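*Asks:* Structure of the sequence below:
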Amino acid sequence: MSTKHAPLIKALRLGRSLSQAEVAEKLGLSRQSYMAVERGSRELTLPEAEKLKDLYGISIEELAGATLPQYVKYKQMILAFLQASTGYRDGKLPKTKLAKLLYLADFAWYYKKLESMSGMQYLRRAYGPVPDPYFRALAELEDEGKISIDRKGDALLVGLGEGVVRKKLNCLETEEKALIKKITDKWKGKRTQEIVNFTHEQLPYKLCAPDEVIPYELITQEDPEHVY
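*Replies:* Here you go, the predicted model:
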C-alpha cells in the first residue's frame, strides 16, 4: 500500500484512541516500523493492510484511500462551521460537538433537498453518528495548518489555524452556507452533551443497529422541529 495513505492510517488510529504501540502489536510490527508507516517512509504489505482493515472494520478500498464522495466539500463544511463559530469561545468547537453539527447539516439538507450536503456515509457509533473520514479530514486540515486542535481538560477543541485567512469556500452553495449558519446559531452556547442527546433521540440514530450505516431516508420521517 502506497505511503500517500499515511495521513488516513494515522487518522484512523487517532479516531479509535489507539496508541502506536497497540496498532504495531496487532500488525506484528515493531513500534519503530509502524511509526515509519505513519510518517510515510514505509509501505504496508498486503497482509499488514488486511490486518489493519479488520482492526478498523473498513473496506480495503477505503483503507487504500479511494476517493470518497465529495470529500473536499466535507472538509470545507468543517471550515464553514469553524468560521461561523468565530467570536464564540475564540471560535473553537469541541471535537464531538463539531461532528454532530456536520451530521445535522448533512441530514437537514437531505430533509430539504433529498440529497446530503457532503455525500458521506454516517455510521451509528456509541458516541453518535459520524463518518470514518471525519478523523482523516481533521488530521489533514491540521497538517495543512488550516485548523488547530487543543486539549482543554478532557475535551479536544477545534479552531481555525492561527493566522489563517478566511477563504471563500467554493464547494459550498450560498444556501448550504446559510443552513450551516442557522445550525451554528441554534447550537451556539449549548453544551456538547445537549447536542449528543438530541442526535441520539432522532429516528435515524434510534432505528439503526450499532456500527450500521445510517440511511439518509430515515430523516424524512422525523418531526420538522427535530431535524436540527
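*Asks:* Next, count neighbours for residue 135.
*Replies:* Neighbourhood size, residue 135 [other C-beta atoms under 10 Å]: 20. Every C-beta, even on glycine, is put in place using the N, C-alpha and C of the backbone.
*Asks:* Please name the spatially closest residue to it (chain neighbours excluded).
*Replies:* Closest residue to residue 135 apart from its sequence neighbours, by C-beta to C-beta, 6 or more residues apart in numbering: residue 15 at 3.2 Å.
*Asks:* which residues touch the one you found?
*Replies:* Listed by C-beta atoms under 8 Å, 6 or more residues apart in numbering, the contact set of residue 15 reads 132, 134, 135, 136.
*Asks:* Pick the one among those residues closest to residue 43.
*Replies:* Residue 43 lies nearest to residue 136 out of the contacts of residue 15, by C-beta to C-beta, at 18.2 Å.
*Asks:* Report the secondary structure state of residue 120.
*Replies:* Residue 120 carries the three-state label coil when classified by DSSP: H, G, I helix; E, B strand; the rest coil.
*Asks:* how about the nearest residue to it, chain neighbours excluded?
*Replies:* residue 131 (3.9 Å).
*Asks:* what helices or strands is the biggest helix by length in the chain leaning on?
*Replies:* Secondary structure of the chain per DSSP state H: the longest helix is helix 95-113. Using 3 or more C-beta pairs under 8 Å, 6 or more residues apart in numbering; DSSP states H and E, the elements in contact with helix 95-113 are helix 71-84, strand 128-130, helix 133-143, strand 155-160, helix 174-187, helix 192-200.
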